[in-house]
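Asker: fold the following and give me the result.
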Amino acid sequence: MPKTRQAEINPPALQQLFGPTAMAKLLDFLTLYHSLDYPKSEIAENSGIGWKTLHTLWPLLEHYELVKHTRDVGRAKLYRTNTDSPIIKALHQLAHQISTHNLEKQAKNGYPSSP
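Answerer: Numbering: from 1, shown residues only. Model prediction:
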C-alpha cells in the first residue's frame, strides 16, 4: 500500500493527535489493517517506519499484547493485531472519536479540519 498524497494531507486519526511519530504510525497501521496478518518487514514498510525502529518498538507491542503471532509461512513469521486486547479496543475507539470530531468540525465549518 503505497503512501498517497491524500495520506500526507489527511493523516490517519492517531497521527493527527500524536503527530507523525513512529509509534503513532505503527498503531495507525495496526488499527486500520487489523484483519490481516503480515510479516514484520511489511508492517514496517506499510507503517512508514524503518526496520530498526520497528525492531526497537516491537518488544513494547508484545509486552502490551497489541500483536500476536498467527502463523509461519516458510521462514517468515506473520503477525496480526490482537483484537481481543482492551488496549487495541480503546485505540479503535480513540481513532473513531478523532475522526468523528474532525467530521463534525468539517460539517460545521465547511472545510477540512485536519491539523
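
Asker: for this protein, what spans make up the strands?
Answerer: Along the chain, counting by DSSP state E, strands occupy 38-39, 67-73, 76-81.

Asker: reformat those strands into CSV and put distance to residue 27, mean pLDDT and mean neighbour count next to each item.
Answerer: From N, CA and C alone the C-beta is placed, and that goes for glycine too. Below are the strands of the chain laid out as CSV (distance: least, C-beta to C-beta, whole Å; pLDDT from 0 to 100; neighbours: other C-beta atoms under 10 Å):
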stretch, distance to residue 27, mean pLDDT, mean neighbour count
strand 38-39, 14, 97, 18
strand 67-73, 11, 97, 13
strand 76-81, 9, 96, 18
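
Asker: in JSON lines: those, plus distance to residue 46.
Answerer: Formatted as JSON lines, the strands of the chain follow (distance: least, C-beta to C-beta, whole Å):
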{"stretch": "strand 38-39", "distance to residue 46": "7"}
{"stretch": "strand 67-73", "distance to residue 46": "14"}
{"stretch": "strand 76-81", "distance to residue 46": "12"}
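
Asker: by mean pLDDT, flag the weakest helix or strand of the chain.
Answerer: Every helix and strand in the chain was compared by mean pLDDT, DSSP states H and E; the lowest is helix 5-9, with a mean of 47.

Asker: nearest to residue 108, out of the strands of the chain?
Answerer: strand 76-81 (32.7 Å; C-beta to C-beta).
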